[in-house]
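>>> Compute the structure for the input listed below.
(chains A, B and C)
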Amino acid sequence: MSTTTTATTPKLWSGGKSPFNVEYGKLMMWYFLMSDAFTFGAFLISYGTIRFSTNGWPDPNVVFKSFPFAPEGVNAPLVFVSIMTFILIISSVTMVLAVKAGQNMDKKGVTTNLIWTIIGGIAFLSCQAWEWNHLHHEGAWWGMNPFLNADGTASSTNFTNYFFTITGFHGFHVFSGVIINIVMLIMTLMDKFEERGHYLMIEKAGLYWHFVDLVWVFVFTCFYLI
Amino acid sequence: MSHTAEHEVHHDGGTKEIVKVTIILSVLTIIELILGFWMIGMTSEGLRLAIKGSIVILMLAKAFYIVAYFMHLKHELKNLIMTIVVPLALFVWFITAFLTDGNSFRNLRNTYDPRFKEQSTIKVEKKEAPKHEEKHEEKHDTKHEGYLDEPRTTH
Amino acid sequence: MSNEAVLHAHSDVATHDAHGDHSHEHHHHETFITKYVFSQDHKMIAKQFLITGMVWAVLGGLMSVLFRLQLGYPDSTFPWLESILGKWAKGGHITPEAYYALVTTHGTVLVFFVLTAGLSGTFANFLIPLQIGARDMASPFMNMLSYWFFFGASIVMLSSMFVETGPFSGGWTAYPPLSALGDASPGSKTGMDLWIVSMALFVVSSLLGGLNYIATVLNMRTKGMSMTRLPLTIWALFFTAVLGVLSFPVLLSGFILLIFDRNFGTSFYLSDIFINGVGALPNEGGSAILFQHLFWFLGHPEVYIILLPAMGMVSEILSVNSRKPIFGYMAMIGSLFAIAILAFLVWAHHMFVTGLNPFLGSVFVLLTLLIAVPSAIKVFNWLTTLWRGNIRFTPGMLFAIGFVSMFISGGLTGIWLGNSALDIHLHDTYFVIAHFHIVMGVASMFGMFAGIYHWYPKMYGRFMNNTLAYIHFWVTIAGAYMIFWPMHYQGLAGMPRRYYDFSIWESFKQFQDLNRFISLVAMIVFAVQFLFLFNFFYSIFRGRKVTTLNPWESNTLEWTTPIHPGHGNWVGEIPEVHRWAYDYGKDGKDFIQQTTPVGADESHH
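Have a look, this model is predicted:
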């Protein structure tokens, strides 16, 4: 068996084994993420197209300037969203650690790090819920845009339309990621992976979770920074 | 025996690498935020554009680190890397064509649709603007709803 | 346990041996439900796709007959129509609403359900594991789900035809505002909701299937089956799956935005709209062109999703039945690859007259015309494969040759349409109808027929009747040309597509007789398809039995399996492959199967 998977043999493509030395599940996960990248890509590119075909656009620093528990009218642009960003980055790090622990068959490490990742995911979702709620109170929703363009002219509703649709779709991905991670946690605690002798499922869940983080990098830039 | 060999092939870079990448990602994010803060209140369109460009480059760098290290793509075989990276090149034309046409659509309307052009020059009053706008929109919204419901009941 | 052993266990041992060595036991446990309904055997799933596709082909074809009836005989009434269509054919005359609904559903059903699911769903499932030497797909379970999502999509689409306001009627491309506003037309109400739900299910189905095909082709080839030893069918199906996985998600995004426009008051695609009886709409700032971009970003690759499987099967069938190696094997792969890439770069040639930036349009013209290069390579390679071959005119071979003929006739008009200047005149005329029906519709149907006739012995262990098949072929090819050739003239004269009644137009009255002729032929061709259906189902039970393992004397691996392969395909070990799939007429031997080891005195190819 050990002769068949020497990674550097030139006969990788000659059949009888995976040319990439990965099992099919991980391969499928990669290609699924690629197709999902096209889903998100299409959303963000549509947003860009509409923005390019419109004369004015609201200034994100004016729109996203509030902070939970801060007094009304606080002007803190970018602060809250940077906290959200760091939450997601840190949860990605704990996920890497969980995957790593899984490769070393370290059940305890997997459990702890998965729990931290789940907490990070829930924290991110809570932040998003607060922000949506806050914006909704300001009168923003699908089809409703209380904000003005940066130059003081009336803005089309597509600013909020795209904001809620794309962050919503991303939030849905985070939510499903959290669910997947919870399932992984339960399976770990039930010793499912110990029985199988490997933690490959955690790797696949990890890929999905990092993808969610990756998408946020783009969403964050497109909506809050530029 | 194959255990160790496999490890070397597949999972090199240890906790040290994770820490390193975490720091890089944080630093990149902080630079992005600094640039973002710098842009607030800036009037020079050219400089704004340059900063936005740099932010996009930083964004791509972050994406690279996440995919390469967190998602372990860098440690996979080159074939696998190619099958994933090459199709992403389609995004170049995807983005270029869409944005070019969006831009062209705006120019068309600015040239041939006087109302579109005019609307983007009328300033809404600053102070009361959001309130006013909100009411405006809500009225529209109810009208919209009404019209949507109408055919189901009467027509 | 080492990681590597795990990897191995997952990719090979688990899937192969579990189904392989115990396949005999499995057979005894199989119930009707697990064998015929929720089957995880790729061969059964392929048959499920095929038969569902055939049901849709009949329905879609029937729709075209009905609207051709209107176009050919606009002044006549057919009382029997009212008895089957009710209020949609008041007084025996198809209403305009029904006409548009028929046209729309005909397009949607034929493009997605018949030529995508029915074609690549059938043959990717059937041929990939058999020709690469695998026990089954990478994930048989996901494969099963893929079919059942398609089945769900079918049910929803079917049910949309029975709602009060009728099915969606704004064209298969579902452009807003017709698709975004319930007030736009009767079909834009519930019919459109169901249409979107159905298409969303279909996207899920094609993603599940596509991921599976890709992973299987890459990961599960048998020993010795390198990528350059694969039959061209597998290459074509592989690129088809890649196209689907990368382009369907974009359509999904477009649909999600459309759903928001329909139901939640957004204006992604809507701006400056006035509806008669309703007034001006508040929606501002959207762009209907954006939807067209998103739609055609899928829509154009979709054309190749339909065409590539047919190309692959035709390459294989031409080679087998000419008893010659396929000409330019690597060029064939290269051109498939080039087509797959170009498929993503040319979408806006469907939008030259939308107000697309003319400069951008000219870039799309250039990219579009580039497709002529790989297409021509393929055509010449097919012709040179036939050249001086020892041709056996089996029904499959006839349809494969018919495919080449159709692909040439339809492809040439593509060069006209790809030029934006010509397209201003030809856009949305019958010229376009003729072009894409010949090059994509009929050609792919021919590829599908070729595939069915050729692999039927493997599917059911029996042959189809040749006499019926020859009648089917000759009537279909003659009919297809008689239907679509005249449409070129109509289109050049400016006759627009999707019009309900041309007899009231002074400029198009002259085509009344021609329209009647087209309709008549369409009905004859439709009737002849029942000959095929009869042949298909009759032969399952009564066809001539296959008595040898390799009835076509073909090289590929599927003919090394038993006549009735069980779940797991091969009894015992999976065969090892020693050569490419096209050693025909080599060193004085008629054919050398892929499993034959290379002899010491053998010449190089």
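>>> what are the bridge partners for C:F591, then?
Note on C:F591: beta-bridge partners C:Y584, judged by DSSP bridges.
>>> so how far is chain A from the closest residue to C:N466 other than its chain neighbours?
The spatially closest residue to C:N466, leaving aside those adjacent along the chain, is C:P395, at 6.2 Å (C-beta to C-beta, 6 or more residues apart in numbering or on different chains). For every residue, glycine as well, the C-beta is placed using N, CA and C. Separation of C:P395 from chain A (C-beta to the nearest C-beta, to the nearest Å): 33 Å.
>>> Contact partners for C:P395?
Contact analysis of C:P395 by C-beta atoms under 8 Å, 6 or more residues apart in numbering or on different chains lists C:F449, C:Y453, C:M464, C:N466, C:A469, C:Y470, C:H472, C:F473.
>>> isn't C:G182 right next to C:K189, touching?
Yes - using C-beta atoms under 8 Å, C:G182 makes contact with C:K189 at a distance of 4.7 Å.
>>> Averaged pLDDT, stretch A:153-172. What do you get?
The average pLDDT within stretch A:153-172 is 94.
>>> where does chain A have low pLDDT?
Scanning chain A for pLDDT under 70 picks out A:1-10.
>>> now do 80
For chain A, applying pLDDT under 80 flags the ranges A:1-11, A:70-74.
>>> likewise chain B?
B:1-14, B:41, B:125-155.
>>> For it, which segments count as helices?
Assigned by DSSP state H, the helices in chain B fall at B:2-10, B:15-39, B:45-65, B:78-88, B:90-112, B:114-119, B:129-153.
>>> can you put these in CSV and add distance to chain A and mean neighbour count?
Converted to CSV, the helices of chain B look like this (distance: least, C-beta to the nearest C-beta, whole Å; neighbours: other C-beta atoms under 10 Å in any protein chain shown):
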stretch, distance to chain A, mean neighbour count
helix B:2-10, 4, 15
helix B:15-39, 5, 16
helix B:45-65, 4, 15
helix B:78-88, 4, 15
helix B:90-112, 3, 17
helix B:114-119, 7, 13
helix B:129-153, 4, 15
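>>> Quick one: those helices as TSV, columns for distance to A:V74 too.
Shown next, in TSV, are these (distance: least, C-beta to C-beta, whole Å):
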stretch	distance to A:V74
helix B:2-10	49
helix B:15-39	16
helix B:45-65	24
helix B:78-88	40
helix B:90-112	35
helix B:114-119	32
helix B:129-153	16
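>>> To C:L367, which of the ones you listed lies closest?
Checking those against C:L367 by C-beta to C-beta gives helix B:90-112 as the closest, at 8.5 Å.
>>> Check whether that closest one comes into contact with chain C.
Yes - contact of helix B:90-112 with chain C (C-beta under 8 Å from any C-beta of the partner chain) involves B:L90, B:W93, B:F94, B:A97, B:F98, B:T100, B:D101, B:G102, B:S104, B:F105, B:L108.
>>> and the residue nearest to the last one when sequence neighbours are not counted, what does it touch?
Spelled out, that is B:L108. Of all residues not flanking B:L108 in the chain, C:G355 sits nearest, at 6.4 Å (C-beta to C-beta, 6+ apart). Going by C-beta under 8 Å, 6+ apart, C:G355 touches B:F105, B:L108, C:I289.
>>> Equivalent analysis for A:E131, please.
By C-beta under 8 Å, 6+ apart, the contact set of A:E131 is A:F64, A:F80, A:V81, A:M84.
>>> Let me know the helix or strand that the residue nearest to B:L108 is in.
Of the helices and strands defined by DSSP states H and E, none includes C:G355.
>>> Ok, the one 10 residues further on next?
Using DSSP H and E, C:V365 sits in helix C:358-370.
>>> And that helix, what's buried?
Neighbour counts over helix C:358-370 (16 or more other C-beta atoms under 10 Å in any protein chain shown) mark C:L360, C:G361, C:V363, C:F364, C:V365, C:L367, C:T368, C:L370 as buried.
>>> What count of nearby residues applies to the residue nearest to C:P140 when sequence neighbours are not counted?
Of all residues not flanking C:P140 in the chain, C:Q40 sits nearest, at 3.8 Å (C-beta to C-beta, 6+ apart). Using other C-beta atoms under 10 Å in any protein chain shown, C:Q40 has 19 neighbouring residues.
>>> quick one: C:Q40 from A:P19, how far?
According to C-beta to C-beta, to the nearest Å, C:Q40 and A:P19 sit 25 Å apart.
>>> mind listing what C:F255 touches?
By C-beta under 8 Å, 6+ apart, the neighbours of C:F255 are C:I196, C:M199, C:A200, C:V203.
>>> Next one: the last one, what pLDDT does it get?
Listed pLDDT for C:V203 reads 96.
>>> a helix runs through it, doesn't it?
Yes - assessed by DSSP: H, G, I helix; E, B strand; the rest coil, C:V203 belongs to a helix.
>>> gap between it and C:P309?
Taking C-beta to C-beta, one finds C:V203 at 18 Å from C:P309.
>>> Between those two, point out the one with more neighbours.
Neighbour comparison, C:V203 and C:P309: the larger count goes to C:P309, with 29 against 23 (by other C-beta under 10 Å).
>>> Without its sequence neighbours, what residue ends up closest to the more buried one?
In this structure, C:P309 finds its nearest non-sequential neighbour in C:S120, 4.6 Å apart by C-beta to C-beta, 6+ apart.
>>> do you know how far that neighbour is from chain B?
Separation of C:S120 from chain B (C-beta to the nearest C-beta) stands at 19 Å.
>>> Do I have it right that that residue meets C:T240?
Yes - counting by C-beta under 8 Å, C:S120 touches C:T240, with 5.0 Å between them.
>>> any idea how far chain B is from C:E82?
If you measure C:E82 against chain B using C-beta to the nearest C-beta, the figure is 24 Å.
>>> any idea which helix or strand carries that residue?
Assessed by DSSP H and E, C:E82 sits inside helix C:79-85.
>>> in the helix or strand C:I45 falls within, what counts as buried?
Per DSSP H and E, C:I45 falls inside helix C:42-72. In terms of neighbour count (16+ other C-beta under 10 Å), helix C:42-72 has its buried residues at C:42-50, C:52-57, C:59-61, C:63-72.
>>> helix or strand right after the strand or helix carrying A:E194?
If you go by DSSP H and E, A:E194 is part of helix A:192-196. Downstream of helix A:192-196, the next assigned helix or strand under DSSP H and E is helix A:200-220.
>>> roughly how far apart are the closest residue to A:I45 other than its chain neighbours and A:C222?
Computed as C-beta to C-beta, 6+ apart, the closest residue to A:I45 that is not its neighbour in sequence is B:F98, at 4.9 Å. B:F98 sits at a distance of 14 Å from A:C222 (criterion: C-beta to C-beta).
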